[in-house]
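> next one to model:
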Amino acid sequence: MNDRHAVPRRAALLLLCVVAALPALSTAQDYPNRPIKLLVPLAAGSTADIASRFAGQELARIVGQPVVIENKPAAGGTVAMGDVARAAPDGYTIAFASQGTLVFNQAIYSRPGEVAVGFYNTPTVISQIKDGKLRALGVTSLARSPLLPGVPTLDEQGIKGYEVNTWFGFIAPAGTPDAVVEKLNNAINRIFASAEAKEKLGPMGFELAPPAAPAVFSKLLADDLARWVPIVKASGAKAD
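Residues are numbered from 1 along each chain as shown. Predicted structure coming up:
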């Protein structure tokens, strides 16, 4: 099970990232003047959906326009990522993205079938663990999760130095004007720095990273691509 609490540099980055952004094409004085679509690559009730719906509700309040959540859980998130990549770079289509959709999917798609053991984000499985429906064998951070203090780390169990933490963020199409990116980034940073975000998402297993610029997220993505894609490819794991 993947835990995001203990290591700040791998904490969940809930802010806006524009992948391969180009120079600003226009100002954003009148942005937004119509609804914004927020694509979610997982189903309703998932980790991504929980964070996205909270963000969408608060973003709509801040920018004064509706934020329409569209769940696209197909193909391991690649459908949603493809849709946002092809969308007009105007700030009206953004998407929730994760380490899985932006990094791991570069090397592997998704594998069908049921498994007896797996690695999961804490918010996805914490309720099932507490209800006794799932048994947590360990957390992948170096320190125990305060939400599951009785679950030892893999490091404690003999896999010394084992540490894998995941992150989440929001992305927009390449070429989205810098001024639009800045507006969205400021709004999303404000949302997840709020006391309400901590109270609502903290107990679910989210650790909210401090406000940061899109460049911070872009660097994290680049670093993770360089780190994980060769590892996944070397494993031989394939989706097809």
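> show me the strands in the chain, by range?
16-18, 36-40, 67-71, 93-98, 168-172 (DSSP state E).
> mean neighbour count, mean pLDDT and distance to residue 180 added to those strands, as a markdown table?
Yep, even glycine has a C-beta here, placed from its N, CA and C like the rest. Below are the strands of the chain laid out as a markdown table (neighbours: other C-beta atoms under 10 Å; pLDDT from 0 to 100; distance: least, C-beta to C-beta, whole Å):
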| stretch | mean neighbour count | mean pLDDT | distance to residue 180 |
| --- | --- | --- | --- |
| strand 16-18 | 26 | 38 | 9 |
| strand 36-40 | 22 | 92 | 10 |
| strand 67-71 | 17 | 91 | 14 |
| strand 93-98 | 26 | 87 | 10 |
| strand 168-172 | 27 | 88 | 8 |
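> switch these over to CSV; also include distance to residue 106.
Putting the strands of the chain into CSV (distance: least, C-beta to C-beta, whole Å) gives the following:
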stretch, distance to residue 106
strand 16-18, 15
strand 36-40, 18
strand 67-71, 23
strand 93-98, 12
strand 168-172, 14
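> which one, of those, ends up nearest to residue 214?
Ranking these by proximity to residue 214 (C-beta to C-beta) places strand 16-18 first, at 5.4 Å.
> before we move on, back to that, so which of the strands of the chain comes closest to residue 236?
Of all those, strand 93-98 comes closest under C-beta to C-beta, at 23.1 Å.
> show me what that closest one is in contact with.
16-17, 36-41, 48, 51-52, 55, 77, 80-81, 83-84, 87, 166-173, 184 (C-beta atoms under 8 Å, 6 or more residues apart in numbering).
> make it 6 Å
Applying C-beta atoms under 6 Å, 6 or more residues apart in numbering, the contact partners of strand 93-98 are 37-40, 48, 52, 80, 84, 87, 168-172.
> next, the angle from it to strand 67-71.
50 degrees (axes from the mean of the first three to the mean of the last three C-alpha atoms, to 10 degrees).
> alpha carbons only: can I get strand 93-98 in PDB?
Provided in PDB are the C-alpha atoms of strand 93-98 (Å, rounded to 0.1, in the frame of the first residue of the first chain):
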ATOM      1  CA  THR A  93     -10.200  21.800 -20.200                       C
ATOM      2  CA  ILE A  94      -8.000  20.600 -17.300                       C
ATOM      3  CA  ALA A  95      -7.400  17.200 -15.800                       C
ATOM      4  CA  PHE A  96      -6.500  15.500 -12.600                       C
ATOM      5  CA  ALA A  97      -3.200  13.600 -13.100                       C
ATOM      6  CA  SER A  98      -1.100  11.300 -11.000                       C
END
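> which neighbours does that strand have in its sheet, and in what orientation?
Strand 93-98 sits in its sheet next to strand 36-40 (parallel), strand 168-172 (antiparallel), going by DSSP bridges.
> okay, these in TSV with distance to residue 227 next?
TSV is the format used below for the strands paired with strand 93-98 (distance: least, C-beta to C-beta, whole Å):
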stretch	distance to residue 227
strand 36-40	26
strand 168-172	17
